[in-house]
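1. sharing a model that was predicted from the sequence below.
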Amino acid sequence: METKNPNYRDKLERAFAGAAFVAENGIRLVDCGPGWCEAVIELTPHHLQHIGVPHGGLIATLADHTAGGAAATLVAVDEHVLTAEFKISFLRGVKAERLFCRAEVIKPGSQLVFVESTVEAEAGGKRTLISKASVTLAVVAASKIR
């Protein structure tokens, strides 16, 4: 896929660090390229449900923000992406040390970008698929965001 912004990595690093909710929950950018993004979170007790598995809201945030990262690698310098629609399937709950997410653009567009995110739980060096998300993101000119 082709990017409209050769400095997309810098933009993504700022987006991960500058989103307070994302940063405060420890979600970090791992890597990215045109049309894809990877993020990770080291789990702590405040990330967990009462039964010791990662909270669905955390998993959804990881999947959504990483999808936004994948879409953001393709848009112009003066454009942003905002989630327009989001669907997540939680496939299993497992105890884990960290969560890893990879998001890939399926259909880029000038107004909408469709992305799929996969979240895996990692424990003892083994990864287990725990959720899949489909995210549609709107491409918005920076001047339109107030």
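-> That came through, no problem. Numbers count the residues shown, from 1 in each chain.

2. rest of the way, CA atoms for contacts and neighbours
-> OK.

3. measure residue 46 to residue 15 for me?
-> Here residue 46 is placed at a distance of 23 Å from residue 15 (CA to CA, to the nearest Å).

4. of these two, which one has the most company?
-> Shown here are residue 46 and residue 15; by other CA atoms under 10 Å, residue 15 has more neighbours (18 against 11).

5. mind checking what secondary structure the more buried one has?
-> Residue 15 falls in the helix class when you classify it by DSSP: H, G, I helix; E, B strand; the rest coil.

6. from the contact counts, what lies against the longest helix anywhere in the chain?
-> Once the chain is assigned using DSSP state H, the helix that runs over the most residues is helix 56-72. Other elements packing on helix 56-72 under the criterion 3 or more CA pairs under 8 Å, 6 or more residues apart in numbering; DSSP states H and E are helix 8-18, helix 20-24, strand 36-42, strand 79-90, strand 98-107, strand 112-123, strand 126-141.

7. alpha carbons only: can I get the longest one in CSV?
-> By that I understand strand 126-141. Extracted C-alpha coordinates of strand 126-141, given in CSV (Å, rounded to 0.1, in the frame of the first residue of the first chain):
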residue,chain,number,x,y,z
LYS,A,126,2.9,-18.6,23.9
ARG,A,127,0.3,-16.4,22.1
THR,A,128,-3.4,-17.2,22.0
LEU,A,129,-5.9,-15.5,19.7
ILE,A,130,-8.5,-13.8,22.0
SER,A,131,-10.3,-11.3,19.7
LYS,A,132,-10.9,-10.0,16.2
ALA,A,133,-12.2,-6.5,15.4
SER,A,134,-13.5,-4.9,12.2
VAL,A,135,-13.0,-1.1,12.3
THR,A,136,-14.2,1.5,9.8
LEU,A,137,-12.4,4.8,10.1
ALA,A,138,-13.4,8.1,8.6
VAL,A,139,-10.7,10.2,7.0
VAL,A,140,-11.1,13.8,8.3
ALA,A,141,-9.2,16.9,7.4
